[in-house]
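Student: Okay, structure incoming, though there's no sequence with it:
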Ligand code: OGA
Ligand code: NI
């Protein structure tokens, strides 16, 4: 096996691996159902209500007020610097952004303005369709594929003020294009091109991260399953105008369970990133892609890079949308810390498990900070 494949999963040399977490197999995937009838946030918003229904009201101590650092900024990186004399500096900027923030914005990333706008356009047009049309694609919690309005199946949970559409792109064997929006007609071709662009960005980043960590250039891409098996899925988020935005979230604090997330927002801001005890708003930069590291990168790097909590807030004047591409390890491949990143001063901190096992946590309990990645 190529050295690029070596991780602690391949060996029993590391008996001190993290304490076992509750086994995800506790959740019998085939028996999961939504615990309550699904209500579309968009439909509630369109009723013109003045007060938020109690299902969306967070307890006072969980609300977003305070602790927001408007003067801080996540790093902004010009990816075209990799191709010229700025290469070393750009690699270092990415390294620092990964270590200090786990979040950065990318410009000159290779996806054209036309493609980004086309992605935004087909996404918006899907959510503008009549409810009956969207309902044809209603999702269930066994796969999450389709039109959804909650994450997690805990009965009585407080819900987030947002709807979404979720589907796969890679591996091609699970793409199931017939489960993508069928309208607008341009959705499928545009989203395919959009995803192809995002895959390139993702592969570049995986290679840069590997090199910055002194791993073989292809290490992380191979750990994700290589060109054939890398997982790419899409979540288009739609956050309607909210009558009492201070009482709720568009998306509650969470870290992304996967590898790398590539997010594009419309011109309405709302994403905030955790920095210690504070939250830093991501300022809108035209056509920038917002990149963040997920839990699988934290595990693969044995915590040298950390996944970072983020949340989105809503407002009472503008709807907000985001197109989110998740770049994940292939579902059945075990993920664990790279052997080369483990030594006496950085002993193994994470248990190996497949990404399919791992993501059952968030799919069952809903977004809950970083409670799934347990160190030690
Ligand atoms: C996500 C996410 C934030 C946003 O979909 O995982 O964090 O601003 N979205 O839409
Ligand atoms: Ni997220």
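Tutor: It's in. Everything numeric in this text was worked out from a predicted model, so none of it was measured. Numbering: from 1, shown residues only. Ligands and ions are numbered 1, 2, ... in the order given.
Student: Tell me where the stretch 151-300 of the chain has strands.
Tutor: Listed in chain order, the strands found in the stretch 151-300 of the chain under DSSP state E, counting those that start in this stretch are 163-170, 231-239, 251-254, 260-265, 271-275, 278-281, 289-293.
Student: need those in CSV with mean neighbour count, mean pLDDT and distance to ligand 1, can you?
Tutor: C-beta: built from backbone N, CA, C; applies to glycine. Formatted as CSV, the strands of the stretch 151-300 of the chain follow (neighbours: other CB atoms under 10 Å; pLDDT from 0 to 100; distance: least, CB to the nearest ligand atom, whole Å):
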stretch, mean neighbour count, mean pLDDT, distance to ligand 1
strand 163-170, 23, 98, 7
strand 231-239, 23, 98, 4
strand 251-254, 22, 95, 5
strand 260-265, 23, 97, 6
strand 271-275, 21, 96, 4
strand 278-281, 18, 95, 11
strand 289-293, 25, 98, 8
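Student: With distance to residue 94 as extra columns, can I get these in a markdown table?
Tutor: Written out in a markdown table, the entries for these read as follows (distance: least, CB to CB, whole Å):
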| stretch | distance to residue 94 |
| --- | --- |
| strand 163-170 | 23 |
| strand 231-239 | 20 |
| strand 251-254 | 23 |
| strand 260-265 | 12 |
| strand 271-275 | 16 |
| strand 278-281 | 18 |
| strand 289-293 | 9 |
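Student: Of those strands, which is nearest residue 56?
Tutor: Between residue 56 and these, the shortest separation by CB to CB is 10.7 Å, and it involves strand 251-254.
Student: Let me see the contact set for residue 56.
Tutor: If a contact means CB atoms under 8 Å, 6 or more residues apart in numbering, then residue 56 has 41, 158-161, 247-248 as its contacts.
Student: I meant residue 355, not that one.
Tutor: Residues in contact with residue 355, defined by CB under 8 Å, 6+ apart, are 231, 257-258, 296, 328-331, 333, 335.
Student: all helices of the stretch 101-250 of the chain, in order?
Tutor: Secondary structure of the stretch 101-250 of the chain (DSSP state H, counting those that start in this stretch): helices located at 113-127, 131-135, 187-212, 219-223, 226-229.
Student: Select, out of the ones you listed, the one closest to ligand 1.
Tutor: helix 113-127 (11.5 Å; CB to the nearest ligand atom).
Student: hmm, that closest one touching ligand 1?
Tutor: No - contact of helix 113-127 with ligand 1 (CB under 6 Å from any ligand atom) is absent, the minimum separation being 11.5 Å.
Student: helix, strand or coil for residue 324?
Tutor: With DSSP: H, G, I helix; E, B strand; the rest coil as the basis, residue 324 sits in strand.
Student: Show the model's pLDDT score for the residue found closest to residue 256 once you drop the neighbours it is linked to in the chain.
Tutor: Closest residue in space to residue 256, ignoring its immediate chain neighbours: residue 294 at 3.8 Å, by CB to CB, 6 or more residues apart in numbering. Residue 294 is assigned a pLDDT of 96 by the prediction.
Student: Residue 254 is in contact with residue 294, correct?
Tutor: No - contact between residue 294 and residue 254 fails when scored by CB atoms under 8 Å: they sit 10.1 Å apart.
Student: Filter the contacts of residue 355 down to just the ones in helices.
Tutor: Secondary structure assignment by DSSP state H places residue 296 of these in helices.
Student: Quick check: which ranges of the protein have low pLDDT?
Tutor: Applying pLDDT under 70 to the chain flags the ranges 1-8, 10-30, 371-372, 374-376.
Student: Which residues of it lie near ligand 1?
Tutor: For the chain, the residues in contact with ligand 1 under the definition CB under 6 Å from any ligand atom are 235, 237, 251, 256, 270-271, 310, 312, 322, 324.
Student: Residue 341: which of the residues you listed is nearest?
Tutor: Taking CB to CB as the measure, residue 341 sits nearest to residue 256 out of those, at 20.7 Å.
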